[in-house]
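J.: the following comprises the amino acid sequence and a computationally predicted model.
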Amino acid sequence: MKIWIGEYGRLVVMVCLGTCLLVFLRGAFLNQMRERISIGDAPVKSDRPSISYGSVPILKGLDKNGKALALKIPAGAKFSPLYTEDMIQVQAVDEKDGDITDQIQVYVVGEKAVKERLTGNLDTSGKKRHYILSYEVTNSSGFWTGKRISVLITESGGKG
């Protein structure tokens, strides 16, 4: 029993001393950090310049009263994806880059959400069909935005 207490007693003393040392160092470290960082309502002073990451571009002309457009186009009529109902031009603007309308990419979203890039006018020939068009634009900072509209090709025609 005496040997057991001697062996394990040293181990217990070492563990206690190690724990005390860690608690002391942790407290000293936290106090040092509190002195460096302003906590509360006081502003933090820094010598570093502030960094602005920019903002996402804005797509205009793709909604009406806050709702996505749902257009009805008569079969055979010409439909340019960059001009919507009543010939309103789709535009993209960015806070930093200005007018970036020429960078808008238009995609036809097909089955299983597969996107195919639309490079010309939408095919309105033939019978009644429904398209989902996805408009996307990226600014020089790499931020992008996108909106979708619905286009229904009707046999008789009309606006929606």
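T.: In hand now; what should we look at? Numbers count the residues shown, from 1 in each chain.

J.: every contact and neighbour count from this point should use C-alpha atoms.
T.: Fine.

J.: distance of E111 from G146?
T.: Between E111 and G146 the computed distance is 19 Å (C-alpha to C-alpha, to the nearest Å).

J.: likewise L71?
T.: L71 is 18 Å from G146, by C-alpha to C-alpha.

J.: got a list of what D102 touches?
T.: For D102, no contacting residues are found, by C-alpha atoms under 8 Å, 6 or more residues apart in numbering.

J.: helix/strand/coil for it?
T.: Under DSSP: H, G, I helix; E, B strand; the rest coil, the three-state class of D102 is helix.

J.: check it and give its pLDDT.
T.: In this model, D102 is scored at 92, pLDDT.

J.: swap in G158?
T.: The model reports G158 with a pLDDT of 49.

J.: likewise for R36?
T.: For R36, the model assigns a pLDDT of 50.

J.: L71 and G146 - which one has more neighbours?
T.: L71 (19 against 16; other C-alpha atoms under 10 Å).

J.: okay, and V15 sits in which element?
T.: In the assignment (DSSP states H and E), V15 maps to helix 2-36.
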